[in-house]
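Colleague: Any chance you can model this:
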Amino acid sequence: MPERTQLTRWQAEPGRTAVQDEWGRVVADFVRVAVTSGRTDAGTGDGTDAGTGDRTGDGVGFWWADDLRPRCPDLAHAARVVGEVLAGWTLDVRVASAETDFAELLHRSAEAFGRHAHHYLWDFALMRPDPRWHEPELPHGLTLAAPGEVGGRRLFRLHQRAYPPGHPDHPAGDPDWFASMVQGRLFGELLDGSAVALAPGGRPVAAVLVAQRSSCLAGDGPGVVDIFRDPAHAPQGLGAALLRRALARTAQAGLPTLRLEVTEGNPARRVYERTGFAYSGSSRRLRLPGGTSRPQVRGSVPQPVR
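Modeller: Here you go, the predicted structure:
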């Protein structure tokens, strides 16, 4: 009998979903994401039964409202309706500054809080990367490889070392989320700007992952979905060199922009600003109270954005 393991999936529905009040007026909208967990046979890795192709997961998970934004001037009314309609959901809410306006109203009733992130954008129509960034000089005999050549398990171990206790991003997600990202199921396929820096002997010490989308949002353009380095073995400046290389190669591919996010308190934010990324806003993750159990996703699950 093949071994059964747990698999978590993040699946975003194309387009935006509206939140309507009792009179049918749209008060907010968001991108709906289904987060589900279930069993998979070892070796298939896709959440389906190896013999029948049937999904073996039990469908238990939660709904996530990504990029939730108000669409009416009465923010108190919008927040009340959202709290009722999306009870028990996880939300990502845009904030102009820390905990203001619509987000502040939702924060007052939140059950739990998550990541406070800052968003950055490089618009290639306004500024082109230095052509020399395309092939950076790497220190200490380092070489570059594509993420697929290194393997997901080795990359995830590097990912864990990059975010030790005390770092704002510790603990750094879970292996299912990371595998979904690397394999292109979460943010689309990885682009040419992605790279892993290898020390002599082949040890991965830093990586940048550039995907077709910077988040679950359809049409938001390519993004640096993760950039990380081993603090004990990666030389200073390596992350910035990988980021500049990603910029040059994304621009060369004819793409219009490159986006990234950084957690509040992460010192890498200064590196992104010095490199030339422009601040474009902030968001805060929270969970609304509601019900005695987490929502269940059954039946017709939203399909991934492609």
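Colleague: Every contact and neighbour count from this point should use C-alpha atoms.
Modeller: Will do.
Colleague: Where does the prediction get shaky in the protein?
Modeller: Scanning the chain for pLDDT under 70 picks out 1-8, 38-60, 97-99, 216-219, 291-306.
Colleague: Can you list the strands that the longest strand along it pairs with?
Modeller: In terms of residue count, the longest strand belonging to the chain (DSSP state E) is strand 26-41. Strand 26-41 pairs in its sheet with strand 4-12 (antiparallel), strand 17-20 (antiparallel), strand 60-70 (antiparallel), by DSSP bridges.
Colleague: next one: the shortest one to chain centre, how far?
Modeller: The offset between the C-alpha centroid of strand 17-20 and the centroid of the whole chain comes to 23 Å, using CA atoms, centre = their mean, to the nearest Å.
Colleague: Could you number the chain from 215 rather than 1 from now on?
Modeller: From this message on, residue numbering opens at 215, which makes the last subject strand 231-234.
Colleague: buried stuff in that strand?
Modeller: For strand 231-234, a neighbour-count test (16 or more other CA atoms under 10 Å) marks 232, 233, 234 as buried.
Colleague: Can you pull the phi/psi pair for the residue lying closest to residue 289 once chain neighbours are set aside?
Modeller: Distances taken as CA to CA, 6 or more residues apart in numbering put residue 316 closest to residue 289, at 5.6 Å, once the chain neighbours are dropped. Main-chain torsions, residue 316, degrees, to the nearest 10: phi -60, psi -50.
Colleague: any idea how far residue 316 is from residue 503?
Modeller: 17 Å (CA to CA, to the nearest Å).
Colleague: do residue 308 as well
Modeller: Counting by CA to CA, the gap from residue 308 to residue 503 is 19 Å.
Colleague: okay, these two: which has more neighbours?
Modeller: Each of residue 308 and residue 503 has its neighbours counted (other CA atoms under 10 Å); residue 308 has more, 25 against 19.
Colleague: other SSEs contacting whichever strand or helix holds residue 373?
Modeller: Here residue 373 is covered by helix 366-376, with elements defined by DSSP states H and E. Applying 3 or more CA pairs under 8 Å, 6 or more residues apart in numbering; DSSP states H and E, we find helix 366-376 packed against helix 389-396, strand 418-425, strand 437-443.
Colleague: so of these, which one's packed in deepest?
Modeller: When you average the neighbours per residue for each of the helices and strands packed on helix 366-376 (mean count of other CA atoms under 10 Å), strand 418-425 leads with a mean of 26.
Colleague: Just the C-alphas of the longest strand of the chain, formatted as PDB.
Modeller: Taking Å, rounded to 0.1, in the frame of the first residue of the first chain, the C-alpha atoms of strand 240-255 are listed here in PDB:
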ATOM      1  CA  VAL A 240     -22.000  45.900  -3.500                       C
ATOM      2  CA  VAL A 241     -20.100  47.100  -0.500                       C
ATOM      3  CA  ALA A 242     -16.700  45.300  -1.000                       C
ATOM      4  CA  ASP A 243     -15.000  42.800  -3.400                       C
ATOM      5  CA  PHE A 244     -12.100  40.400  -3.200                       C
ATOM      6  CA  VAL A 245     -10.400  37.500  -4.900                       C
ATOM      7  CA  ARG A 246     -11.700  34.200  -3.500                       C
ATOM      8  CA  VAL A 247      -9.100  31.500  -2.600                       C
ATOM      9  CA  ALA A 248     -10.000  28.000  -1.400                       C
ATOM     10  CA  VAL A 249      -7.400  26.500   1.000                       C
ATOM     11  CA  THR A 250      -8.100  22.700   1.400                       C
ATOM     12  CA  SER A 251      -6.300  19.800   2.900                       C
ATOM     13  CA  GLY A 252      -6.600  16.100   2.200                       C
ATOM     14  CA  ARG A 253      -4.700  12.900   1.700                       C
ATOM     15  CA  THR A 254      -2.600  12.000  -1.300                       C
ATOM     16  CA  ASP A 255      -0.700   8.800  -2.200                       C
END
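Colleague: from the chain's centre, how far out does the longest helix anywhere in the chain sit?
Modeller: In the chain, ranked by residue count with DSSP state H as the criterion, the top helix is helix 452-466. For helix 452-466, the separation from the chain centroid amounts to 19 Å (computed by CA atoms, centre = their mean).
Colleague: That helix: what's the following helix or strand?
Modeller: strand 471-477.
Colleague: Pairing partners for that following strand, with directions?
Modeller: Its sheet considered, strand 471-477 pairs with strand 326-337 (antiparallel), strand 437-443 (parallel) by DSSP bridges.
Colleague: can you put those strands in JSON lines and add distance to residue 398?
Modeller: Formatted as JSON lines, the strands paired with strand 471-477 follow (distance: least, CA to CA, whole Å):
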{"stretch": "strand 326-337", "distance to residue 398": "21"}
{"stretch": "strand 437-443", "distance to residue 398": "11"}
